[in-house]
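Peer 1: Predicted coordinates and the sequence they were generated for:
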Amino acid sequence: MEPLWEIGDNADMDSPPLTIVTGATRGIGAAVTRRLLAQGWTVYGCYLRNRRAADAFAADVADLPGQFVPVKANVAKEADLILLVESAVHEHGGPIRGLVLNAASGVLRPLAEQTRKHWDWTMDINAWGAIHLAQLARPHMADGSSIVGLSSPGAVRAIPDYGSVGVSKAAIEAAMRQLAFEWGPAGIRVNTVRAGLVPTDALNHFPDRDALEAETRARTPLGRLVEPDDVAAAVAFLLGDDARAITGTTLVVDGGAAILS
Ligand SMILES: NC(=O)c1ccc[n+]([C@@H]2O[C@H](COP(=O)([O-])OP(=O)(O)OC[C@H]3O[C@@H](n4cnc5c(N)ncnc54)[C@H](OP(=O)(O)O)[C@@H]3O)[C@@H](O)[C@H]2O)c1
């Protein structure tokens, strides 16, 4: 694989590029992190509380060319976000070339039944946590940096029990578009990857995972579910210099599932 950090106008050849990935140790975030490490990036990756998974993932990627630094940080807590950014920048030396806003959570029940607590939980993690991390990282990002947010079909479609999670995903897509407008003049690109159904632990929270996967597979033109590395490939593309003219857009990675009415 081509090392991404050899291309780009402002590449600092003395140190590999620095990326922060949230929710980096399981599911899609782990696939993204693995790809970036394979390409030689340094990745500061946060997780919420699953230390065992974080340790196992760190051991698993230890032989890859890039350096992985796991950080226990809740994206809903400002102090944790500051610690994440400051430790990455000071230990690595910065600047931050990539930021992947992947961590998400949520309360799966109809929106009509959700409480203020459910709303705050979901929006604090999925929307404000991501936006605030981007705000904190911005002073450490220079021309050529790239931010990618993770979204889902719930941003644009109604999904049973998806409640406020879909609203938070619509917020991420809008926020990435807005930041692309605001930070484009500084050479910072901001995009979203909207993934279809991906078999990760997150699906265990849905009432009938098997039926959900079967139904999705049946209506997906490519005839299979999207795997975490399919999504990671799109994220890595948007982070890299081959996507240098792409900003403010949402890239759909769903095997074509959304094209049917
Ligand atoms: N799976 C899908 O079908 C699908 C489809 C479209 C979009 N997406 C999006 O893709 C992203 C990743 O989804 P996934 O399925 O890979 O999720 P996942 O397997 O459940 O992994 C979630 C990761 O995020 C971390 N996390 C959760 N809350 C956090 C918080 N408050 N602060 C810091 N880290 C936190 C978790 O840490 P711990 O390990 O400590 O719990 C874990 O590493 C999400 O934005 C999701 O909405 C997923």
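Peer 2: Received, thanks. Numbers count the residues shown, from 1 in each chain.

Peer 1: buried set for stretch 172-191?
Peer 2: 172-173, 175-177, 179-180, 183, 187-191 (16 or more other C-beta atoms under 10 Å). Quick note: C-beta positions are derived from backbone N, CA and C, even for glycine.

Peer 1: Tell me the one of these nearest the ligand?
Peer 2: Closest to the ligand out of those is residue 172 (7.9 Å), distances taken as C-beta to the nearest ligand atom.

Peer 1: can the buried residues of stretch 172-191 go into JSON lines with extra columns for secondary structure and pLDDT?
Peer 2: Converted to JSON lines, the buried residues of stretch 172-191 look like this (DSSP: H, G, I helix; E, B strand; the rest coil; pLDDT from 0 to 100):
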{"residue": "172", "secondary structure": "helix", "pLDDT": "98"}
{"residue": "173", "secondary structure": "helix", "pLDDT": "98"}
{"residue": "175", "secondary structure": "helix", "pLDDT": "98"}
{"residue": "176", "secondary structure": "helix", "pLDDT": "99"}
{"residue": "177", "secondary structure": "helix", "pLDDT": "98"}
{"residue": "179", "secondary structure": "helix", "pLDDT": "99"}
{"residue": "180", "secondary structure": "helix", "pLDDT": "99"}
{"residue": "183", "secondary structure": "helix", "pLDDT": "98"}
{"residue": "187", "secondary structure": "coil", "pLDDT": "98"}
{"residue": "188", "secondary structure": "coil", "pLDDT": "98"}
{"residue": "189", "secondary structure": "strand", "pLDDT": "98"}
{"residue": "190", "secondary structure": "strand", "pLDDT": "99"}
{"residue": "191", "secondary structure": "strand", "pLDDT": "99"}
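
Peer 1: mind giving me TSV with these and columns for distance to the ligand?
Peer 2: Shown next, in TSV, are the buried residues of stretch 172-191 (distance: C-beta to the nearest ligand atom, whole Å):
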residue	distance to the ligand
172	8
173	11
175	13
176	12
177	17
179	17
180	18
183	21
187	26
188	21
189	19
190	16
191	14
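
Peer 1: just the helices in the stretch 1-150 of the chain please.
Peer 2: Listed in chain order, the helices of the stretch 1-150 of the chain (DSSP state H, counting those that start in this stretch) span 27-38, 51-60, 78-92, 116-123, 129-137.

Peer 1: Could you name the stretch from those that's closest to residue 162?
Peer 2: Closest approach to residue 162 among the helices of the stretch 1-150 of the chain is made by helix 116-123 (10.2 Å; C-beta to C-beta).

Peer 1: And that closest one, what does it pack against?
Peer 2: helix 163-183 (3 or more C-beta pairs under 8 Å, 6 or more residues apart in numbering; DSSP states H and E).

Peer 1: any idea how far the nearest residue to residue 228 once chain neighbours are set aside lies from residue 22?
Peer 2: Nearest residue to residue 228, sequence neighbours excluded (C-beta to C-beta, 6 or more residues apart in numbering): residue 31, at 3.6 Å. Distance from residue 31 to residue 22, counting by C-beta to C-beta, to the nearest Å: 14 Å.

Peer 1: contacting residues around residue 192?
Peer 2: Residue 192 sits next to 148, 149, 150, 151, 172, 173, 176, 177, 249, 250, 251 when contact means C-beta atoms under 8 Å, 6 or more residues apart in numbering.

Peer 1: Need the pLDDT of residue 1.
Peer 2: pLDDT recorded at residue 1 is 44.

Peer 1: meant to ask about residue 5
Peer 2: On the pLDDT scale, residue 5 is placed at 38.

Peer 1: do the same with residue 8
Peer 2: On the pLDDT scale, residue 8 is placed at 37.

Peer 1: just so I know, which of the helices of the stretch 1-150 of the chain lies nearest the ligand?
Peer 2: When the helices of the stretch 1-150 of the chain are compared by C-beta to the nearest ligand atom, helix 27-38 sits nearest the ligand, at 2.2 Å.

Peer 1: Next, the buried residues of the closest one.
Peer 2: Judged by neighbour count (16+ other C-beta under 10 Å), helix 27-38 contains these buried residues: 27, 28, 29, 30, 31, 32, 33, 34, 35, 36, 37.
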